[in-house]
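[1] Sequence isn't available, so here's the structure alone:
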């Protein structure tokens, strides 16, 4: 058994290992190429495989940001985005060897902290699923990682979805007040990007730009505006071609409490149903955050829980 860095040609074995071990999160070759090989921050020197007689039995990927997200290189932070060991050789120290290689790579690039695994924009899952991968938390904690927070994934069925009458009345009230919810149009592109940069995260601005560059249907990106001022937005179908994936979604902090988020969310769900979606889902939010409570009230249910892990280097 040797541990070496990634070589071109390893892809088929890595994908097969991924699908044997990370059974709740299987991937296709196209997803692997997109999220790993075509990531502008991909470095073969940060990907390690454990090989026994030409068979890949373990894999880990460490990432440092070489291309900024927005304007931020996050120079103190690195990520481990995936770690897997074939079932027949687990609990023999192989995972620890792979982790040691990854941590040395991150230290060698001047990182003082490492997270598993909320690496924007190319994470597959945002953290460790305790239910899906029992023992994973204990493994990372035994190597000095601690749980920082625990987001949840949520789903909502749309087969029986009907716009509630009170929400429809609220949308009509907002419209009479001059607050409009409508599909994005080019005159509001720049205003939306400025709004998102000011209120939210660089990754959200990136996802908006990429979605529009892919010529999504305008109905997939709703904006809430008052005159020329953007107050909020809701996007669906922007990630990996999944029309039923909802988000990102947000309202200006100063405008919260007016029911804009509720109006945007329900209008987006109505549009998704009109587009033929049978469900709406997303990978993470704070369960007890204002957004989490809004999702609960709209009928979303928690489907997975993740733990975001961090370790000081």
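    Received, thanks. These numbers come from a predicted model, not from an experiment.
[2] burial count for residue 17?
    For residue 17, the neighbour count with other CB atoms under 10 Å is 22. No exception for glycine: its C-beta is placed from N, CA and C like everyone else's.
[3] For the host helix or strand of it, name the packing helices and strands.
    Under the criterion of DSSP states H and E, residue 17 resides in helix 11-21. Using 3 or more CB pairs under 8 Å, 6 or more residues apart in numbering; DSSP states H and E as the contact test, the elements touching helix 11-21 are helix 29-32, strand 55-64, strand 77-85.
[4] which residues are contacting the longest strand that the chain contains?
    Criterion DSSP state E: the longest strand present in the chain is strand 301-312. For strand 301-312, the external contacting residues (CB atoms under 8 Å, 6 or more residues apart in numbering) are 24, 103, 112-118, 125-132, 137, 140, 143-156, 281, 284, 287.
[5] Apply 7 Å and report the result again.
    112-116, 118, 125-130, 137, 140, 144-155, 284, 287 (CB atoms under 7 Å, 6 or more residues apart in numbering).
[6] just stretch 251-271 next, same as before
    Around stretch 251-271, the neighbours that count as contacts under CB under 7 Å, 6+ apart are 158, 161, 163, 167, 170-171, 174, 181, 199, 219, 222, 224, 231-232, 234, 236, 246, 249, 280, 294, 298.
[7] Stretch 59-68 now?
    Taking CB under 7 Å, 6+ apart as the rule, stretch 59-68 contacts 14, 17, 36, 40-41, 46-49, 73-74, 78-84, 98-99, 102, 105-106, 109, 111, 119.
[8] how long is that stretch from one end to the other?
    26 Å (CA to CA, to the nearest Å).
[9] in that stretch, what's buried?
    Judged by neighbour count (16 or more other CB atoms under 10 Å), stretch 59-68 contains these buried residues: 59-65.
[10] and those residues as JSON lines, adding distance to residue 305 and pLDDT?
    Output for the buried residues of stretch 59-68, formatted as JSON lines (distance: CB to CB, whole Å; pLDDT from 0 to 100):
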{"residue": "59", "distance to residue 305": "24", "pLDDT": "98"}
{"residue": "60", "distance to residue 305": "23", "pLDDT": "98"}
{"residue": "61", "distance to residue 305": "23", "pLDDT": "97"}
{"residue": "62", "distance to residue 305": "25", "pLDDT": "98"}
{"residue": "63", "distance to residue 305": "24", "pLDDT": "97"}
{"residue": "64", "distance to residue 305": "28", "pLDDT": "97"}
{"residue": "65", "distance to residue 305": "27", "pLDDT": "96"}
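[11] Filter the contacts of strand 301-312 down to just the ones in strands.
    Among the contacts of strand 301-312, the members found in strands (DSSP E) are 113-116, 128-129, 146-149, 152-155, 284.
[12] Tell me which two of these sit farthest apart.
    Maximum pairwise distance in the ones in strands among the contacts of strand 301-312, criterion CB to CB, is 31.8 Å, between 113 and 155.
[13] more crowded one of these two?
    Between residue 113 and residue 155, counting by other CB under 10 Å, residue 155 is the more crowded of the two (17 against 14).
[14] Okay, and the residue lying closest to the more buried one once chain neighbours are set aside sits in which element?
    Using CB to CB, 6 or more residues apart in numbering and skipping residues adjacent in sequence, the residue nearest residue 155 is residue 281, 4.2 Å away. Using DSSP H and E, the element containing residue 281 is strand 279-285.
[15] which secondary structure elements does that strand contact?
    Strand 279-285 makes packing contacts with strand 152-157, strand 246-251, helix 290-297 when contacts are defined by 3 or more CB pairs under 7 Å, 6 or more residues apart in numbering; DSSP states H and E.
[16] Next, the angle from that strand to helix 290-297.
    150 degrees (axes from the mean of the first three to the mean of the last three CA atoms, to 10 degrees).
[17] So for strand 279-285, mean pLDDT?
    Averaged across strand 279-285, pLDDT comes to 95.
[18] all strands of the stretch 151-300 of the chain, in order?
    Here the stretch 151-300 of the chain has its strands, by DSSP state E, counting those that start in this stretch, at 152-157, 179-183, 221-226, 229-236, 246-251, 279-285.
[19] Between these, which one is closest to residue 195.
    strand 229-236 (4.2 Å).
[20] for the closest one, the distance to its chain's centre please.
    Offset of strand 229-236 from its chain centre (CA atoms, centre = their mean, to the nearest Å): 19 Å.
[21] Quick check: neighbours of that strand in the sheet, parallel or antiparallel?
    strand 221-226 (antiparallel), strand 246-251 (antiparallel) (DSSP bridges).
[22] Identify the residues contacting that strand?
    Strand 229-236 is contacted from outside by 179, 188, 191-192, 195, 208, 211, 220-225, 245-252, 255, 260-261, 264-265, 268, 272, using CB under 7 Å, 6+ apart.
[23] circling back: neighbouring contacts of the strand holding residue 281?
    125-126, 151-158, 244-247, 269, 272, 291-292, 295, 306.
[24] Can you go through these and name the buried ones?
    Taking 16+ other CB under 10 Å as the criterion, what is buried in those is 125-126, 151-156, 158, 244-247, 269, 272, 291-292, 295, 306.
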